[in-house]
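Chemist: Show me how the following folds:
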Amino acid sequence: MGLPNFLVIGAGRSGTTSLHHYLSQHPDVFLTAEKSPNFFVSQDALPPWEGPAQRVMARHWVHTLDDYEALFAGAGARAAVGEASPMYLQSRHAPARIAAACPDVRLVAILREPVGRAYAHFMGRRRDGLDRRTDFSKVVEAELSQPLPEEVAFGHYLGCGRYHHFLQGYVDRFPADRIRIYLYDDLLADPSALVADLFAFLEVDPRFSPDISRRYGQTGVPVNPVARFLWTRSVTVRTHLRPWLPKRVRDLAAPLFIGALSRPPLDPSLHARVIDVFRDDIARLEGLLRRDLSRWLTVPAK
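Modeler: Numbers count the residues shown, from 1 in each chain. Okay, the predicted model is just below:
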């Protein structure tokens with residue numbers, strides 16, 4: 001057994017679930033069966049805004065080094081061994097822990113326009129019954145009534161979108177050639193090219209073509225009111241049962257209960273207001289990535 005030599009560190013709701021599925025198809029890549037073991041943030045206390053269901057879920061994170069190493073016991077001789085935990089890009093403490101345990105690890109991040117990411121995060125939690133609120137504007141008001149979190153942003157819709165703020169700890173501790181940062185737009189525009197580049201970064205055959213026909217982790221509200229009630233109100237039971245239900249069972253059950261999803265558009269005036277929350281962080285991120293992110297500073301046309 002050993003530790004991973006690559007980590008997908010985030011950001012949440014930016015395509016990490018799709019990357020997990022695409023990477024796991026490569027014969028020279030080993031990924032943990034379960035996404036988000038969250039080992040390197042398991043020492044962080046959950047913020048006060050996280051509710052009971054999230055606290056139950058946190059008990060299922062991997063907390064000991066022995067248990068974490070056991071996740072990779074089946075890696076065999078595969079060249080790239082890793083896991084994907086988007087919460088690693090939501091804690092200022094994670095980079096130091098990762099650097100201490102895995103100093104030569106390769107780090108992969110994929111970043112989504114932060115206002116759209118925050119709304120997708122909210123809709124995903126609504127879908128799963130983790131947030132009973134229905135008005136995103138009131139969520140924004142509540143979060144802006146306090147300073148954005150500096151150290152740990154778990155479950156904070158706006159706080160999770162300060163990418164430069166949370167990436168800086170990795171940039172300070174790891175060589176640039178050990179960090180690969182993509183944009184969610186890259187995944188949407190040309191997933192084949194992104195995956196090939198990622199395979200090359202992990203030093204496995206970039207010519208391998210995984211099945212990329214499906215996008216994973218879609219968010220929204222179940223259209224069927226009965227399905228919506230059953231799924232959202234069962235969150236406590238599902239959370240407690242998660243460790244004992246095989247992943248294949250959960251993957252089959254979720255679509256049956258959730259069904260079709262609808263996603264109301266984000267109000268343009270609210271979008272414009274939230275852009276200002278991220279303006280300074282986006283400017284710093286542009287300098288880090290050396291990419292034009294001006295599209296992130298405009299409200300998408302309807």
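Chemist: Could you use CA atoms for every contact and neighbour count after this?
Modeler: OK.
Chemist: so the closest residue to T32 other than its chain neighbours bridges to which residues?
Modeler: Sequence neighbours aside, E83 is the residue nearest to T32 in space, at 5.5 Å (criterion: CA to CA, 6 or more residues apart in numbering). For E83, the beta-bridge partners are L7 (DSSP bridges).
Chemist: E83 contacts L31, doesn't it?
Modeler: Yes - taking contacts as CA atoms under 8 Å, E83 lies within contact range of L31: 5.3 Å.
Chemist: what sits in contact with each of these two?
Modeler: The contact sets of E83 and L31 overlap at H20 (CA atoms under 8 Å, 6 or more residues apart in numbering).
Chemist: which other helices and strands contact the helix or strand containing A193?
Modeler: Taking DSSP states H and E as the definition, A193 sits inside helix 191-201. Contact analysis of helix 191-201 by 3 or more CA pairs under 8 Å, 6 or more residues apart in numbering; DSSP states H and E lists helix 16-24 as its packing neighbours.
Chemist: how about the helix or strand hosting D186: buried residues?
Modeler: In this assignment (DSSP H and E), D186 forms part of helix 184-189. Neighbour-count burial for helix 184-189, counted by 16 or more other CA atoms under 10 Å, picks out Y184, L187.
Chemist: List the contacts of the helix or strand that contains D281.
Modeler: Using DSSP H and E, D281 maps to helix 268-289. Helix 268-289 has contacts (CA under 8 Å, 6+ apart) with 114-115, 137, 140, 161-165, 181, 292-293, 296-300.
Chemist: follow-up on the earlier one: near the residue nearest to T32, how many other residues are there?
Modeler: 25 (other CA atoms under 10 Å).
Chemist: Same question for R126.
Modeler: 20.
Chemist: tell me the angle the helix holding A193 makes with helix 16-24.
Modeler: Comparing the axes of helix 191-201 and helix 16-24 via axes from the mean of the first three to the mean of the last three CA atoms, to 10 degrees yields an angle of 60 degrees.
Chemist: Please enumerate the strands of this structure.
Modeler: Here the chain has its strands, by DSSP state E, at 6-10, 29-31, 80-84, 106-111, 179-183, 221-222, 261-262.
Chemist: one step back: what are the buried residues along the helix holding A193?
Modeler: Counting neighbours by 16+ other CA under 10 Å, one finds that the buried residues in helix 191-201 are P191, S192, L194, V195, A196, L198, F199, F201.
Chemist: so for that helix, what's the average pLDDT?
Modeler: For helix 191-201, mean pLDDT is 98.
Chemist: what's next to that helix, contact-wise?
Modeler: Helix 191-201 is contacted from outside by 19, 22-23, 180, 182, 186-187, 205-209, 212, using CA under 8 Å, 6+ apart.
Chemist: the inter-axis angle of that helix versus strand 179-183?
Modeler: Using the same axes, to 10 degrees, helix 191-201 lies at 170 degrees relative to strand 179-183.
Chemist: quick one on the thing from earlier: check the offset of the helix holding D281 from the chain's centre.
Modeler: Taking CA atoms, centre = their mean, to the nearest Å, one finds helix 268-289 lying 19 Å from the centre of the chain it belongs to.
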